[in-house]
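Undergrad: show me the folded form of this:
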Amino acid sequence: MKMDVYNIPFFNNGWALFFLKLGELFYKENIICGNQSKLNIAISIPFNDYITYTIGAGMAHALYLNDSSDDNFWLKDLKKGTLVFYSSPTESSTETSYIYNGLSDLGYPTLQGIGANSDMVVTLQKKESWKNIRVAPVQNNYKTQRNIEYDPSIEHLSRFYDKGISNKIFNRSIPLFYITANESQLRREAKLKLNKYLSLQDFVRIRKIGEGKQYSFVCDLLSKDENVISDGAPFIVDGANLYIRHRKELINEAKIIVLSRENPMDSNIDALEELEYEFITNNTEEDPETLEKLKEFHPPKNIEILCWRAFNE
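TA: Predicted structure coming up:
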């Protein structure tokens, strides 16, 4: 029987539980439920310790529970020459690097060795083994075959979720949501222990903060100087200045905007003016139904929430 995330002490308190559920609802509404409109949420809070990470945990929670993509469909579109890792069913504690060589005539994935093993081709005839192929997050040009240790924190996630679903998510090595926030603050908060085995980062799995170049992730962190990537994945935008910096790029993206009243008042006022402009000049409408759902989660005192839907032009 799987353990319940809601019983983790950090999440099982008033404010954290609310933001966990907010992140879960936001991700489900935008991705899993397949709505034509994009849910946007702006939230004003008195402080911002662990809020962004907890919202991200809610989004990751929705992912780990509900990924519904075809188990092996992504392999059909994977380009030949892609660096991958494969863990043999008999050696599940390590992953070995290979070059993906496409599908055989019979539709089986084929993996080519590297360096001195380049003449070796592994054909995976058993469909059950296909789930052990993981795209390397960093496409290095390895000169020799590499073995890396399997990340034990992923194994600990299987105490809460179906391992097949979470591995399927990690195997694709693509960000399924983005955070733009203060990196230094996130790195400090990442170390918080949820239990004996898992940190907050182990749960949310932000690529830039994870340890090791080939780290399995579900989320990517964008700095203030990086351009927004428009691939349909939703965003958490932490802070007035970052929202103002990326507003034009994010105007057609699903997003949660976190405005902390700890920040200078002028910045928050400017952000609210930009939000009002976005709401007036685009094809949007308020979303009272989502707001009512959030009220059922018992929001903490002294927060303000605005929900709206953006429709494709």
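Undergrad: which parts of the stretch 51-200 of the chain are strands?
TA: 83-86, 94-103, 109-112, 121-123, 133-135, 147-149, 177-180 (DSSP state E, counting those that start in this stretch).
Undergrad: any idea how far residue 27 lies from residue 254?
TA: Distance from residue 27 to residue 254, counting by CB to CB, to the nearest Å: 9 Å. Where you see a C-beta, it was placed from the backbone N, CA and C, and this is true even at glycine.
Undergrad: more neighbours, these two?
TA: Set residue 27 next to residue 254 and count neighbours by other CB atoms under 10 Å: residue 27 wins out with 27 against 23.
Undergrad: name the element the more buried one belongs to?
TA: Using DSSP states H and E, residue 27 sits in helix 14-27.
Undergrad: can you tell me the strand partners of the very next helix or strand once past that helix and which way each runs?
TA: Scanning forward in sequence from helix 14-27 by DSSP H and E, the next helix or strand is strand 38-45. Strand 38-45 has its sheet partners listed here by DSSP bridges as strand 255-260 (parallel), strand 304-310 (antiparallel).
Undergrad: ok, and what's touching strand 38-45?
TA: Under the contact criterion CB atoms under 8 Å, 6 or more residues apart in numbering, strand 38-45 has outside partners 22, 26, 29-30, 51, 234, 252-261, 268, 275, 284, 287, 290, 302-311.
Undergrad: name the helix or strand of the chain that has the lowest mean pLDDT.
TA: Ranking every helix and strand in the chain by mean pLDDT, DSSP states H and E puts helix 73-77 at the bottom, with a mean of 83.
Undergrad: okay, and for the stretch 151-300 of the chain, where does confidence drop off?
TA: For the stretch 151-300 of the chain, no stretch is flagged by pLDDT under 70.
Undergrad: and the strands paired with strand 38-45, which is most packed in?
TA: strand 255-260 (a mean of 24; mean count of other CB atoms under 10 Å).
Undergrad: quick one: it to helix 14-27, angle?
TA: 160 degrees (axes from the mean of the first three to the mean of the last three CA atoms, to 10 degrees).
Undergrad: all the strands of the stretch 201-313 of the chain, in order from the start?
TA: Per DSSP E, counting those that start in this stretch, the stretch 201-313 of the chain carries strands over the ranges 219-222, 235-238, 255-260, 284-286, 304-310.
Undergrad: which one of those lies nearest to residue 177?
TA: Residue 177 sits nearest to strand 219-222 of all these, at 5.4 Å, using CB to CB.
Undergrad: could you say what helices and strands the closest one packs with?
TA: helix 51-66, strand 177-180 (3 or more CB pairs under 8 Å, 6 or more residues apart in numbering; DSSP states H and E).
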